[in-house]
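**Q** Pasted the sequence and its predicted model underneath.
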Amino acid sequence: MSFPLPEGGRKEVLKDVSFKIDRGELVYLVGPTGSGKSTLLKLMYMDNKPDSGTVRIADFRSDKISNSDIPFLRRSLGVVFQDFQLLPDRNVFDNVAFVLYVTGKKGKSVNNKVMQVLSRVGLNHKRNRFPHELSGGEQQRVVIARAIVNDPWIILADEPTGNLDPAVADEILRLILGLNQQGMTILISTHDYRLVKKFPSRTLAVLNGTVVEVDPESLGS
Amino acid sequence: MLPYSIREGLAGLKRARFSSIASTSAMSIALVLIGMFAIVTYQANSVSDWLRQRVGELELFLADIDEASAMALHARAEITPGVSEASYISKQEAEEIFRMEFGDEAEMFFDQAFLPASIKVRIAPNYANADSLGVLAAEFATWTRVDDVIYNQPLLVKVQQNLNMITVLGLSLGFMVLFASAFLVANTIRLTIYARRLLIRTMKLVGATDGFVRSPFVVEGVAQGIIAGGIAFALLTMIYSGVQNYIPQMTTISTGTGLMLGFGIILFGVGLGWAGSHFAVRRFIKKISLN
């Protein structure tokens, strides 16, 4: 995977990447800023397509998927973004419900499901608040609620604690770990090695464009 | 419960209040301009018909015949195709007109023999051109007991030429107004949707299809078009009543025509709102389809 440079030519970000995640696993994807972690996640939800090779997610293949099929892939994944990507003109309830409306659900089933996931992330009482009325941690909880409301088979969390202070970051990670303990498959990209050491699990590192398995204890601070 | 796209489209009017006001205002201005142009064109057509009818009047001078024969000719003229109305002028009436036109000097030139009875023919608007007038005059000239047919063909040709020129200028101006209005509306809608491009991106990132993203925006555009059409119709009604106070000669628009005009303006607003939002959203959706 490469990107064009402003001065011409291309910068190679990822090459020969191959890894497997088992159902129910929690996997960290670490690496310094700019190493290609976000690019790798974007390849998975097909916000980017590889220059060569194939990304295969469940039955979807990057070389065969049409643009009109990409939404169906994204509905089967739960994505947590570092910059939240909430709909600023909608309240908490509507932000979470949007994902259900997209799949054609309506009425009471939407209401029940949204209330259920908001309870899970502890934000039921703030369902009528707008994103700008929430703290960073609360906004990230809404994003997590939105990511899990469709019962995805994997959650891709792209630097979920990147914009949060350490205490709130711990709280968010505990919430994500809780989801994993309930059986959800999770891939978290982060450059916060402190968190990886504090809540250790299988860890992949993006190094020189390739993905390698590392011991979390061997990571620097 | 309303379908999602309608519910969200209507909610969008409230959510993006500033954008909605901007788009609706732009559409209202455009529709007022277009409506004013339509009214001016309607009035100009009425004036044009009136002018051509009067310039294209024919005078049929009758031979020395009795009143009954003259009335028979008058009746025949009235039912001739292309004739809007015909009026009979007897010798006595001709004398009165002569005296009125010449005033105190009338006695000096008065000569009964030179004032025959006549039929004044006003032609229908669609016959008010030089060719049809010539054909009609030739036909009247073949009638027995019609001594002479006079009309001012050169003046009609000149009036016709000037009206044609005014029509071309008017149409060019109309197209410019239409183009400027469409440009104003398209750009305003594009800017308001550009301001919400990140919203569109987020929707796509969580699995919304292009159609799902687009439909509420289109509903919003159509709703804005309906509101703008209503505003434009109200403004046009007020402007028209105001102008009519100053120019009472203006043709009065009947309630039926007025309602049709209102319906047309609202329909035009719907079209404008639909096209503007549909194409603007489609453009941004395509641009951010991948990264």
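**A** Perfect, I can see it now.
**Q** gap between B:Ala228 and chain A?
**A** Applying C-beta to the nearest C-beta, to the nearest Å, one obtains 22 Å for the distance of B:Ala228 from chain A. (Glycine included, C-beta is placed from N, CA and C.)
**Q** and that residue, what is it in contact with?
**A** B:Ala228 is in contact with B:Thr24, B:Ser25, B:Met27, B:Ser28, B:Ala30, B:Leu31, B:Gly269, B:Leu272, B:Gly273, counting by C-beta atoms under 8 Å, 6 or more residues apart in numbering or on different chains.
**Q** Just say helix, strand or coil for it.
**A** Going by DSSP: H, G, I helix; E, B strand; the rest coil, the secondary structure assigned to B:Ala228 is helix.
**Q** Give me the distance between it and B:Leu13.
**A** In this view, B:Ala228 and B:Leu13 are 12 Å apart by C-beta to C-beta, to the nearest Å.
**Q** which among the contacts of B:Ala228 gets closest to chain A?
**A** Of all these, chain A sits closest to B:Thr24, with 17.6 Å by C-beta to the nearest C-beta.
**Q** ok so A:Ile155 is a helix residue?
**A** No - assignment of A:Ile155 by three-state DSSP gives strand, placing it outside any helix.
**Q** For it, give me its contacts.
**A** A:Ile155 makes contact with A:Leu77, A:Gly78, A:Val79, A:Val80, A:Ala147, A:Ile148, A:Ile176, A:Leu179, A:Met184, A:Thr185, A:Ile186, A:Leu187, according to C-beta under 8 Å, 6+ apart.
**Q** Against chain B, how distant is the fourth one?
**A** Applying C-beta to the nearest C-beta, one obtains 11 Å for the distance of A:Val80 from chain B.
**Q** for the last one, same thing?
**A** Between A:Leu187 and chain B the distance, using C-beta to the nearest C-beta, works out to 16 Å.
**Q** right, is the top helix by length along chain B up against chain A?
**A** In chain B, ranked by residue count with DSSP state H as the criterion, the top helix is helix B:153-194. No - Helix B:153-194 does not reach chain A (C-beta under 8 Å from any C-beta of the partner chain); its nearest approach is 12.6 Å.
**Q** returning to that earlier point: just the contacts of A:Ile155: which are in strands?
**A** When the contacts of A:Ile155 are checked against strands using DSSP state E, the ones located there are A:Leu77, A:Gly78, A:Val79, A:Val80, A:Ile186, A:Leu187.
**Q** re earlier: and which of the contacts of B:Ala228 is nearest A:Asp63?
**A** Distances from the contacts of B:Ala228 to A:Asp63 were compared by C-beta to C-beta; the smallest belongs to B:Gly273, at 40.2 Å.
**Q** what comes up buried for stretch A:134-145?
**A** By 16 or more other C-beta atoms under 10 Å in any protein chain shown, the buried positions in stretch A:134-145 come out as A:Leu134, A:Gly137, A:Glu138, A:Gln139, A:Gln140, A:Arg141, A:Val142, A:Val143, A:Ile144, A:Ala145.
**Q** quick check, nearest of those to chain B?
**A** For those, the residue nearest chain B by C-beta to the nearest C-beta is A:Val143; the value is 9.8 Å.
**Q** So the helix or strand containing that closest one, near chain B or not?
**A** Secondary structure here is read from DSSP states H and E; on that basis A:Val143 sits in helix A:136-148. Yes - Helix A:136-148 lies within reach of chain B by C-beta under 8 Å from any C-beta, at A:Arg146.
**Q** still on that earlier bit, show me how to select, in PyMOL, the buried members of the contacts of B:Ala228.
**A** Taking 16+ other C-beta under 10 Å as the burial criterion, the selection of buried members of the contacts of B:Ala228 in PyMOL is written as:
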select buried, chain B and resi 24+27+28+30+31+269+272+273
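**Q** Switch the contacts of B:Ala228 over to JSON lines; also include secondary structure, distance to A:Lys108 and pLDDT.
**A** JSON lines is the format used below for the contacts of B:Ala228 (DSSP: H, G, I helix; E, B strand; the rest coil; distance: C-beta to C-beta, whole Å; pLDDT from 0 to 100):
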{"residue": "B:Thr24", "secondary structure": "helix", "distance to A:Lys108": "35", "pLDDT": "92"}
{"residue": "B:Ser25", "secondary structure": "helix", "distance to A:Lys108": "40", "pLDDT": "92"}
{"residue": "B:Met27", "secondary structure": "helix", "distance to A:Lys108": "38", "pLDDT": "89"}
{"residue": "B:Ser28", "secondary structure": "helix", "distance to A:Lys108": "40", "pLDDT": "93"}
{"residue": "B:Ala30", "secondary structure": "helix", "distance to A:Lys108": "43", "pLDDT": "88"}
{"residue": "B:Leu31", "secondary structure": "helix", "distance to A:Lys108": "42", "pLDDT": "91"}
{"residue": "B:Gly269", "secondary structure": "helix", "distance to A:Lys108": "37", "pLDDT": "92"}
{"residue": "B:Leu272", "secondary structure": "helix", "distance to A:Lys108": "38", "pLDDT": "89"}
{"residue": "B:Gly273", "secondary structure": "helix", "distance to A:Lys108": "33", "pLDDT": "90"}
